[in-house]
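In: Show me the folded form of this:
(one chain, ligands or ions: 1)
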Amino acid sequence: MPVPLLDLRAQHRTIRDSVVDAMMRVVDDQAFILGRPVEELECAVAGLSGTRYAVGCANGTDALLLAMRALDIGRGDEVVTTPFTFFATAGTIHNVGATPVFVDIDPATFNVSPDALGAAVTSRTKAAIPVDLFGQMAAVERVAAAAPGLPIIEDAAQSIGARRRIDGEWKMAGEAVTIGTFSFFPSKNLGGYGDGGMMVTQDETIFRRLLRLRTHGSVKTYFHEEVGYNSRLDALQAAVLGAKLPHLAEWSAKRRANAAFYDAALGDLDGVTTPYVDPLNESIYNQYTLRVERRDELQAHLKARGIGTSVYYPLPLHLQPCFAYLGYKAGSCPEAERAAAEVISIPIYPELTRDQLDEVVAAVRSFYGR
Ligand SMILES: Cc1ncc(COP(=O)(O)O)c(C=O)c1O
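Out: I've put the predicted structure just below:
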């Protein structure tokens, strides 16, 4: 039985009527850009995230870009981040004119090492961007302690609805930092039927700046206080996301249940390390990522058995050709490089059946002769 890495059609079948109704309301209204569905979604995402404000935008990449612009980050500035992430985290630092500074990860969680981050701060550092990789929040409070006073942009593209106990209290992804950024790319836990993104913040001044930046730096039509972007969220996407949001908690709980199943079924294999979730965290498992020996052979073996997998991410960003100008060499971030050689993500989506989970487990075990 083939098991894809992700089956969006299986999810769509369960919500088709409510999503199509929501889309048709927008179609009948013929109001496609921003407007009420976007405002309602912003309200709902701010509520979920425990923040005072949320601003929708075109995608998770723009959310990072706008966040940096709202903090006046640009030429001559440095932004410290992890090299073990999707390209957008660092591509946007470059695109605002700043310099990405890469520091190594914590090998257990794959998230940025707060100590390494703190040690990399210089007088030119304007922000830190920890990433909540695979759905587990970065230790944002430890980043804040390691770099006192430095603004933090939490790249929460993969972690909407994840939480972490900070000083004894649950904090949601995006809640405890200067700006949190989300992506609604279709494969995310809350995915649209196209691109979408959002920024959350507790700060009213930043909120107003983000609103302005996403519409060409203008609040009053045709009057521009600064040069911004066209980075609006479509009403159709907001309608889809609004219809999906009430299911998010249940979907994330199912992902956690699938993860617990795999942990129990694969945890005894020599040469396989199941994901480590910090006891302070509740992950939403956007990915279930094993660390394994002979990764490429395992991936080929699973492919031959019809099991979808992916390697997030095979080449850390400090070694990408486009960042050669920064001067990093192999060995600069050894844990990120080791992770890139050892990780493999297997199907974790909420609609997986017990038979499919069994199939994945049997396929992985058979590779290790068990
Ligand atoms: C960690 C991370 N940052 C940023 C992004 C960019 O989001 P988008 O694809 O919506 O631009 C993604 C997702 O693709 C991501 O996984």
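In: Tell me who's in contact with whichever residue of the chain sits closest to the ligand.
Out: Going by CB to the nearest ligand atom, the ligand is nearest to G60 of the chain, at 2.5 Å. C-betas here are computed from N, CA, C, even on glycine. Listed by CB atoms under 8 Å, 6 or more residues apart in numbering, the contact partners of G60 are A88, D155, A157, T181, F182, S183, F184, F185, K188, G197.
In: And those residues, which is closest to V19?
Out: The shortest approach to V19 among those belongs to F184, at 13.4 Å (CB to CB).
In: Share the number of residues neighbouring the closest one, please.
Out: Residues near F184, counting by other CB atoms under 10 Å, number 31.
In: can you check V55 too?
Out: V55 has 29 neighbouring residues, counting by other CB under 10 Å.
In: Now the phi/psi pair for it, please.
Out: The phi/psi pair for V55 (degrees, to the nearest 10) reads phi -130, psi 120.
In: excluding its backbone neighbours, what's nearest it?
Out: L210 (4.3 Å; CB to CB, 6 or more residues apart in numbering).
In: Just list the residues touching that neighbour, thanks.
Out: Each residue near L210 by CB under 8 Å, 6+ apart is listed here: V55, C57, L66, A67, A70, I179, M199, T201.
In: can you tell me which helix or strand it belongs to?
Out: helix 204-213 (DSSP states H and E).
In: Moving C-terminal from that helix, which element do we reach first?
Out: Counting by DSSP H and E, the next helix or strand C-terminal to helix 204-213 is helix 235-244.
In: could you point out which element follows that following helix?
Out: Heading C-terminal from helix 235-244, the first helix or strand you meet, by DSSP H and E, is helix 248-266.
In: counting contacts, what elements does that following helix pack onto?
Out: Applying 3 or more CB pairs under 8 Å, 6 or more residues apart in numbering; DSSP states H and E, one finds that helix 248-266 contacts strand 288-292, helix 354-367.
In: highest average neighbour count across the ones you listed?
Out: strand 288-292 (a mean of 22; mean count of other CB atoms under 10 Å).
In: quick one: the helix or strand following it to chain centroid distance?
Out: Using DSSP H and E, the next helix or strand after strand 288-292 towards the C-terminus is helix 295-304. Mean-position distance between helix 295-304 and its chain equals 26 Å (CA atoms, centre = their mean, to the nearest Å).
In: what's the angle between helix 295-304 and strand 288-292?
Out: 130 degrees (axes from the mean of the first three to the mean of the last three CA atoms, to 10 degrees).
In: Same question for helix 295-304: list its buried residues.
Out: For helix 295-304, burial by neighbour count (16 or more other CB atoms under 10 Å) applies to R295, L298, Q299, H301, L302.
In: Is K171 bridged to anything, and to what?
Out: For K171, the beta-bridge partners under DSSP bridges are R164.
In: contacting residues around it?
Out: For K171, the contacting residues are G50, V140, R163, R164, R165, by CB under 8 Å, 6+ apart.
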